[in-house]
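Chemist: Mind looking at a prediction? Sequence and model below.
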Amino acid sequence: MRTALVYHEDMTAAQLLWEDPECEIERPERLTAALERLRQWGLEQRCLQLAAREASEAELGLVHSPEYVSLLRGTQTLSTRELQALSGQYDAVYFHPSTFHCARLAVGAALQLVDAVLTGAVHNGLALVRPPGHHSQRAAANGFCVFNNVAIAAKYAKQRHGLHSVLYFSWHRYEHGHFWPYLRESDADAVGQGQGRGFTVNLPWNQVGMGNADYVAAFLHVLLPVAFEFDPELVLISAGFDSAIGDPEGQMRATPECFSHLTQLLQVLAGGRVCAVLEGGYHLESLSQSVCMVVKALLGDPALPLSGPMEPHHSALESIQSVRAAQTPHWTSLRQQGSTPILNPSTYSLERRASPVSPGGPKFKAAEAQASAALSSLLDQLHLNPTLPVRTAVALTALDAALVLPADVLRQEGSAPQEETRAWARLHEALAQDKALTALGKVLHLLNGILDGQVGAPGMGQGWP
């Protein structure tokens, strides 16, 4: 079996023992509802099921201080009153006598998944865990999170399996710094420090209501170009579903099938070695369906068509443009495209270039002529709405939309002029033909793989950093 599902029923033991409206949404039913839906859809049975192990204290120490680990160990013997008093010292956190055990299982599940993927026992997988981890700090619990499961997994992959550098990407509700946890370092211009500059990529959402088009646009214009250029050995997904429709924390509108598309796009990286680790998500119906969509994608099932309008919000485009501008000094793929292409398509050059695509690795040596012919054929079949400037500016108009959407989803009332569509095709061909743009060459290869059936396709923060 190529997909692992790592879980342990003991992770449902920790629960809130006093009244706290802020914390009550992080409850055991988050796991049980997701697991029940996986069983109803016949997905659990198709996975290699692994029982999570407890992480050792040495493994916890890869990220957390010895004093903090010792403090958490001590919660096992505290009274309810003592637990409540200790919880009050942190922001949006509660402790239970089982918290230390549950949190060690959550970390251990992530580490087991990394081991299974990097040793080749499975191709990919999901660790279904709680408590979540992405807000926790070296010496502090924070935002429902106790130990930083994915950060420990990344450090473990480097130490145990010899992996190298780490690229961190996060999208999150930010609202110009007015949304919790109000961190200045969550803005787009926070790109890392010292030798790590450019390896932290923050995409802040400055309004609620972001939907499928916004998340897909973020992938196509920021994450994928940078990720292909970075060329990771392993992909770790902090699979938070606060961004899913109906979630009370995120207040975003990504539908469950969107996470299937995003997962499929990530599977093109690192030879498909993808480890998803559950983080947030507090609307049980939306959470459970979204988890199933991720697992379906990991199993290789085709994704359902995306629903809703595929026109990104203007605020989303501004955020995407801000992060691209901040990251341009650090990434060739963004420099070659220019730092302000999203809201101003006229800054693109449509000039053809003669240099061929030369992506690395044997899987990416498909003939450029064949890929271009396939693209031209597909683009000629697309019928798109005539275009407001913002819609035209988003590469979902043609090539990029074709990466994730079947042609029947793109077919809408009205049609864009053939010459405009061909202009965008020439643009992307020109970009892909630049030797410096290995990243975009691989995206081109991905589309070619979809067209000839080699890559699965449909007909293809708050979370997902």
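Modeler: Yep, it's here. Numbering: from 1, shown residues only.
Chemist: How about the secondary structure of residue 236?
Modeler: With DSSP: H, G, I helix; E, B strand; the rest coil as the basis, residue 236 sits in strand.
Chemist: Give me the number of neighbouring residues for residue 299.
Modeler: 16 (other Cβ atoms under 10 Å). C-betas here are computed from N, CA, C, even on glycine.
Chemist: List the contacts of it.
Modeler: 2-3, 43, 46-47 (Cβ atoms under 8 Å, 6 or more residues apart in numbering).
Chemist: which two from the residues you listed end up farthest apart in space?
Modeler: 2 and 43 (13.2 Å; Cβ to Cβ).
Chemist: So which helix or strand of the chain has the lowest pLDDT on average?
Modeler: Lowest mean confidence among the helices and strands of the chain (mean pLDDT, DSSP states H and E): helix 389-393, at a mean of 25.
Chemist: on that earlier part again, comparing residue 2 and residue 43, which shows the higher neighbour count?
Modeler: Using other Cβ under 10 Å, the more surrounded residue of residue 2 and residue 43 is residue 43, with 23 against 16.
Chemist: Hmm, that one is touching residue 298, no?
Modeler: No - Residue 43 lies out of contact with residue 298 (Cβ atoms under 8 Å); the separation is 9.4 Å.
Chemist: residue contacts, residue 270?
Modeler: With contacts defined as Cβ under 8 Å, 6+ apart, the neighbours of residue 270 are 232-235.
Chemist: Quick one, grab the pLDDT at it.
Modeler: We have a pLDDT of 97 for residue 270.
Chemist: What of residue 308?
Modeler: So residue 308 comes in at 82 (pLDDT).
Chemist: give me every residue that touches it.
Modeler: Counting by Cβ under 8 Å, 6+ apart, residue 308 touches 211-213, 253, 255.
Chemist: change it to 7 Å
Modeler: The contact partners of residue 308, taken as Cβ atoms under 7 Å, 6 or more residues apart in numbering, are 211-212, 255.
Chemist: In helices only, show me the residues you listed.
Modeler: Secondary structure assignment by DSSP state H places residue 212 of the contacts of residue 308 in helices.
Chemist: quick check, nearest of the contacts of residue 308 to residue 334?
Modeler: Nearest to residue 334 among the contacts of residue 308 is residue 212, at 23.3 Å by Cβ to Cβ.
Chemist: Next, work out how far apart that closest one and residue 311 are.
Modeler: 10 Å (Cβ to Cβ, to the nearest Å).
Chemist: and the two? which has more neighbours close in?
Modeler: Between residue 212 and residue 311, counted using other Cβ under 10 Å, the more crowded position is residue 212 (24 against 19).
Chemist: ok, the more buried one - contacts?
Modeler: Counted by Cβ under 7 Å, 6+ apart, residue 212 has contacts 254-255, 258, 306, 308, 310.
Chemist: Could you list every helix and strand in contact with the longest helix seen in the chain?
Modeler: The residue-count maximum for a helix in the chain (DSSP H) belongs to helix 99-118. Contacts defined by 3 or more Cβ pairs under 7 Å, 6 or more residues apart in numbering; DSSP states H and E place helix 99-118 against strand 3-7, helix 57-60, helix 66-74, strand 124-127, helix 149-161, strand 274-278.
Chemist: and of these, who's closest to residue 193?
Modeler: With Cβ to Cβ, the closest approach to residue 193 among the helices and strands packed on helix 99-118 belongs to helix 149-161: 16.5 Å.
Chemist: how about the strands in the protein?
Modeler: Ranges of strands in the chain, per DSSP state E, are 3-7, 48-51, 124-127, 168-173, 200-205, 235-239, 274-278.
Chemist: what packs against the third one?
Modeler: When you say that, I think you mean strand 124-127. Packing partners of strand 124-127 (3+ Cβ pairs under 7 Å, 6+ apart): strand 3-7, helix 99-118, strand 274-278, helix 284-299.
Chemist: Redo the ones you listed as CSV? Include distance to residue 227 and mean pLDDT.
Modeler: Shown next, in CSV, are the helices and strands packed on strand 124-127 (distance: least, Cβ to Cβ, whole Å; pLDDT from 0 to 100):
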stretch, distance to residue 227, mean pLDDT
strand 3-7, 21, 98
helix 99-118, 17, 98
strand 274-278, 12, 98
helix 284-299, 17, 98
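Chemist: Could you identify which of these is most buried?
Modeler: Mean neighbour count (mean count of other Cβ atoms under 10 Å) peaks for strand 274-278 among the helices and strands packed on strand 124-127, with a mean of 29.
Chemist: what are the pairing partners of it, and which direction each?
Modeler: Partners of strand 274-278 in the sheet, by DSSP bridges, are strand 124-127 (parallel), strand 235-239 (parallel).
Chemist: For stretch 183-202, measure first residue to last.
Modeler: Distance across stretch 183-202, first residue to last, is 12 Å (Cα to Cα, to the nearest Å).
Chemist: what does the average pLDDT come to for that stretch?
Modeler: 94.
Chemist: Kindly report the same for stretch 321-338.
Modeler: For stretch 321-338, the mean per-residue pLDDT is 89.
Chemist: one step back: of all the strands paired with strand 274-278, which one is nearest residue 322?
Modeler: strand 235-239 (21.7 Å).
Chemist: neighbouring contacts of that closest one?
Modeler: Residues outside strand 235-239 that contact it (Cβ under 7 Å, 6+ apart): 134, 150, 153-154, 266, 269-270, 273-279, 294, 463-465.
Chemist: that older thread, please convert the strands paired with strand 274-278 to a markdown table, extending it with distance to residue 29 and mean neighbour count.
Modeler: Listed next are those as a markdown table, based on distance: least, Cβ to Cβ, whole Å; neighbours: other Cβ atoms under 10 Å:
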| stretch | distance to residue 29 | mean neighbour count |
| --- | --- | --- |
| strand 124-127 | 18 | 28 |
| strand 235-239 | 18 | 24 |
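Chemist: Next, format the ones you listed as CSV and append mean pLDDT and distance to residue 184.
Modeler: CSV is the format used below for the strands paired with strand 274-278 (pLDDT from 0 to 100; distance: least, Cβ to Cβ, whole Å):
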stretch, mean pLDDT, distance to residue 184
strand 124-127, 98, 31
strand 235-239, 98, 21
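Chemist: Could you list the low-pLDDT ranges of the chain?
Modeler: Applying pLDDT under 70 to the chain flags residues 1, 337-465.
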